[in-house]
Each structure stands twice: as C-alpha cells, then as structure tokens.
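Asker: Make a model of this:
(one chain, ligands or ions: 2)
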Amino acid sequence: MKISDAYLIVTSPGRNFVTLKIVTKSGTYGIGDATLNGREMAVVAYLEEHVVPALIGRDAGRIEDIWQYLYRGAYWRRGPVTMAAIGAVDMALWDIKAKAAGMPLYQLLGGKSRERVMTYAHCTGKDIDACLAEVDAHLKLGYRAVRVQTGVPGIATTYGVAKREGERYEPADSELPAEHVWSTEKYLNHVPALFAAVRERFGHDIHVLHDVHHRLTPIEAARLGKMVEPYHLFWLEDCVPAENQQSLKLIREHTTTPLAIGEVFNSIHDYRELIENQWIDYIRTPLTHGGGITHLRRIADLAALYHIRTGFHGPTDVSPVCLGAAVHFDTWVPNFGIQEHMPHEAITDQVFPHDYRFEDGHFLVGETPGHGVDIDEELARQYPYKRASLPVNRLEDGTLWHW
Ligand SMILES: O=C(O)[C@H](O)[C@@H](O)[C@H](O)[C@H](O)CO
Ligand SMILES: [Mg+2]
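Answerer: Ligands and ions are numbered 1, 2, ... in the order given. Now for the predicted structure:
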C-alpha cells in the first residue's frame, strides 16, 4: 500500500473547507479534513510544502509510524496548524486502512460500543422567547439535547446568534475580522434567566448545554456555574480561556455544574492537568485539530481513567469528513458523552457525499468501508476559496478581549 500521490482540495461550498486526498499505488484512496477556520491556507501551505513530499513512497498502512514521523520529525511540536495537518493525514490513512480491510472504520477501531450517537443542536435567538421557539422546533426534530444561546440586552452582537432571524450563524463572516463589543456584566445579569425559562417551559427531561466561548475570568465562571446549578446543565463549555489549566481548579472548587473544554486544544498535553485532576467532565477537541484518530484515541483513553467523557466539537467549520470520522469514533469509544451537530448547508453535503445519517436526535454510523465520506472534486472546483476571518471582541472601553 505505497502512497503514490497526495494533494489538497480547497473549496468553499457555503464556507471554506480544506481536504487532503492520499492515493495509494493500488488506487485505494483516503481523505482527511484539514480545515482550520480563518487560517485555512496556513494548513494548506504546511501540508503542500512540508508534508506531502515526505509522504510519497511511504507505506500507507504504517499509520502510527507516519504519525510519529510527522509529529517528532517536525522538531517544532504541537500547535493548531501542525496538528490539523497531521490530523488530515491520519484521517486519510485510517480511511485507506479500513477500505483495504473492507470494513467501516468503527469495526477497525474495535467495533460498536453503542447503537447510536447522541447529538446536541444549536438553539439561538435574539432574545429568550426566540430561543425557546428554536428549542421547541429542535425537540420536534427529535433532538434530546440542545445548546441555548441568546442575544444579551445592551450588546449589539453576541456569539452564537445569527445576524438576521432565520439565517444560519456563521462567525467567519467577513474578509478581515469584524469587531464586536462584549460586556461580562451584562451577560452575567442576563444568562441565568435563559436556563430558568428553558427549564420552566420544557422541564428537566432534556439536556441543556451552553457555550461561554472563553469570555469569563475564573472567578466569574465559578459564579456563573454556581448560579445555574438549579437548572442542571449537561455542560458549561469553555467558561474560561484555558492556557492556564489551573483556572479550572478554581472553578471546580466552587460549582457542581459540569465543565466541557478543549475545542481549541490540539494535544494531550493541553489536557493533562485538567484530566489528571478531574477538573473537567468532557473533552472537546475534534479529530481534525487534534492530530486525528491516533491522537484523540490516546486522549480519550487517558480521560476514561478519570471518568471524563467525549463531547467532540462539530461546528460547520469542520467538514463532513471530520464529522463522518467522528461518528465512527463516537460509535466505538467506550467513554462517549455527546456529539455536537451543526448541520452543514445542502451544497456542502453535495460536495462531500457521506453515509452517516441523522435520525431522532442521533447519528447512525454507515457500513461503507472506510469513514464513509467522499469528495466530489468536480463540484468542489466550482466553489473557490474566499478569505474569511473570525471576529475579535473588545470590551466597552475598547480593550481587546477573548472572542
Ligand atoms: O462550540 C462551538 O461550536 C464553537 O464554539 C464554534 O462555534 C466556534 O466558534 C467555531 O468553531 C470557530 O471556528
Ligand atoms: Mg464552543
């Protein structure tokens, strides 16, 4: 199974996606997602200039060795660009191995640990009533877990809320970063009422999640976690930026609200203190940004020792290739928690035909050999890359803050 060719496909059907295709001498190919929202071309350059030339001629079956070769061989360790590049190679190689074995990927990983994969949907609204209407609509679609976000009175734009009613939320919506304004005080005064309203209207039989998107300090996050305990959140996500892992210790000591973190992490080392001290409950890194299946399996196994479960990031800015591979991983991994599901646009799904299915709030894994996701390269060519950036946040006095 010698690698005879590897190349990148950059396409923008609805939004930008970067896909690596690895072809073997026998003609079997695999694809991997390398999309890093707002920094797409950095990963393309890393792969094209430094990785692809070193892949040609290698045995596609030696997934672990190629992972170590790319990780240790770069000398420069970790980081989202490196790990997204390695993640794409890894995903494509697992796809090839599973296709060669004639098996769906979950079989190669060790078989099914469950019949279906619970997902959570995004429910947003400019205010609490609009958000409740979205929750209602999503429960009717079969979801049993919903992430709720609303506009905050006195703040013009809020993370997670679409600009216009009925539109999809897409944060990377301008060529250069848009500037937003943030007020922690206004947010903390508003958000507990959202959970109270959701519980009052829909009861305690659904899972409710919320994403703080890195905006609080540890003591503010502790206060929020404590305030919302009566509403029994499934998780509070990214309540602080976590470069300093000790921040989570302080929060944990004050609240029983479960904590999810890690969508911007890319290595087991970003998690080590958090996992070993049991300061978190869910790990969020998606396969694309965390070095692929090989590395996420290692993180999930470490997490399992400490009662910590998976809750992989699944926004529209990871491609259906990542999502498809995640459904296989989620079907296998013993310590599965939940999978994020932000549906892709119809044109994205056409460019990336796939066999995972959504039914009754869950993903069902397919039986196609490999990870079950392909790319229509001809169609992809019709949607050229467009530069798009994530916004930045400033406090009301102009200080740059976390977005
Ligand atoms: O929980 C989530 O789904 C995330 O926070 C996303 O909405 C990110 O903001 C996005 O992936 C950035 O590219
Ligand atoms: Mg998030």
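
Asker: what separates the helix or strand where F363 lies from the chain centre, distance-wise?
Answerer: Assigned by DSSP states H and E, F363 falls within strand 362-364. Here strand 362-364 shows a centroid-to-chain-centroid distance of 16 Å under the convention Cα atoms, centre = their mean, to the nearest Å.

Asker: Check which helices and strands it sits against.
Answerer: Judged by 3 or more Cβ pairs under 8 Å, 6 or more residues apart in numbering; DSSP states H and E, strand 362-364 is in contact with strand 117-125, helix 320-332, strand 357-359. Glycine gets a C-beta too; all of them are placed from N, C-alpha and C.

Asker: how about a cut-off of 6 Å?
Answerer: Packing contacts for strand 362-364, counted by 3 or more Cβ pairs under 6 Å, 6 or more residues apart in numbering; DSSP states H and E, involve strand 117-125.

Asker: Just the buried residues of stretch 346-364, please?
Answerer: Going by neighbour count (16 or more other Cβ atoms under 10 Å), the buried part of stretch 346-364 is 348, 351-352, 354-356, 358, 361-363.

Asker: Next, the distance between the ends of it.
Answerer: 19 Å (Cα to Cα, to the nearest Å).

Asker: Give me the pLDDT value at the closest residue in space to E340 that isn't next to it in sequence.
Answerer: Setting aside the residues directly before and after it, E340 is nearest to G314 in space (Cβ to Cβ, 6 or more residues apart in numbering), at 3.6 Å. Each residue has a pLDDT score; the one for G314 is 97.

Asker: Please apply the same query to G166.
Answerer: G166 is given a pLDDT of 72.

Asker: what does the protein have sitting close to ligand 1?
Answerer: Selection of the chain residues close to ligand 1 by Cβ under 6 Å from any ligand atom yields 37, 171, 211, 213, 263, 313, 315, 317, 340, 390.

Asker: what sits against the third one?
Answerer: D211 makes contacts with E237, as judged by Cβ atoms under 6 Å, 6 or more residues apart in numbering.

Asker: if I look at it, how far off is H313?
Answerer: 10 Å (Cβ to Cβ, to the nearest Å).

Asker: do the same with L302
Answerer: Plainly put, L302 is 18 Å away from H313 if you go by Cβ to Cβ.

Asker: How about E167?
Answerer: 22 Å.

Asker: quick one: which two of the buried residues of stretch 346-364 are the most distant?
Answerer: V351 and G361 (25.5 Å; Cβ to Cβ).

Asker: Excluding chain neighbours, what is closest to the residue of the stretch 251-400 of the chain found nearest ligand 1?
Answerer: As assessed by Cβ to the nearest ligand atom, ligand 1 sits closest to P315 within the stretch 251-400 of the chain, at 3.7 Å. Of all residues not flanking P315 in the chain, M342 sits nearest, at 4.9 Å (Cβ to Cβ, 6+ apart).

Asker: Next up, the contacts around the residue nearest to the spatial centre of the chain.
Answerer: By Cα atoms, centre = their mean, the chain has its centre lying nearest to H313, at 2.1 Å. Going by Cβ under 6 Å, 6+ apart, H313 touches 263, 284, 286, 340.

Asker: on that earlier part again, spell out the secondary structure type for the residue nearest to P315.
Answerer: The local conformation at M342, judged by DSSP: H, G, I helix; E, B strand; the rest coil, is coil.

Asker: Which residues are in contact with it?
Answerer: By Cβ under 6 Å, 6+ apart, the neighbours of M342 are 122, 315-316.

Asker: From the contact counts, what lies against the helix or strand containing D136?
Answerer: Assessed by DSSP H and E, D136 sits inside helix 128-140. Applying 3+ Cβ pairs under 6 Å, 6+ apart, we find helix 128-140 packed against strand 117-125, strand 145-150, helix 184-202.

Asker: buried stuff in it?
Answerer: In helix 128-140, counting by 16+ other Cβ under 10 Å, buried: 128, 131-132, 134-135, 138-139.

Asker: in the sheet, who's paired with the residue in the chain that ligand 2 sits nearest to?
Answerer: The nearest approach of the chain to ligand 2 comes at D211, 4.3 Å away (Cβ to the ion). Per DSSP bridges, the residues bridged to D211 are E237.

Asker: On the pLDDT front, check it for me.
Answerer: Per-residue confidence (pLDDT) for D211: 98.

Asker: Kindly report the same for K163.
Answerer: For K163, pLDDT reads 78.

Asker: I'd like the distance between it and E170.
Answerer: Taking Cβ to Cβ, one finds K163 at 9 Å from E170.
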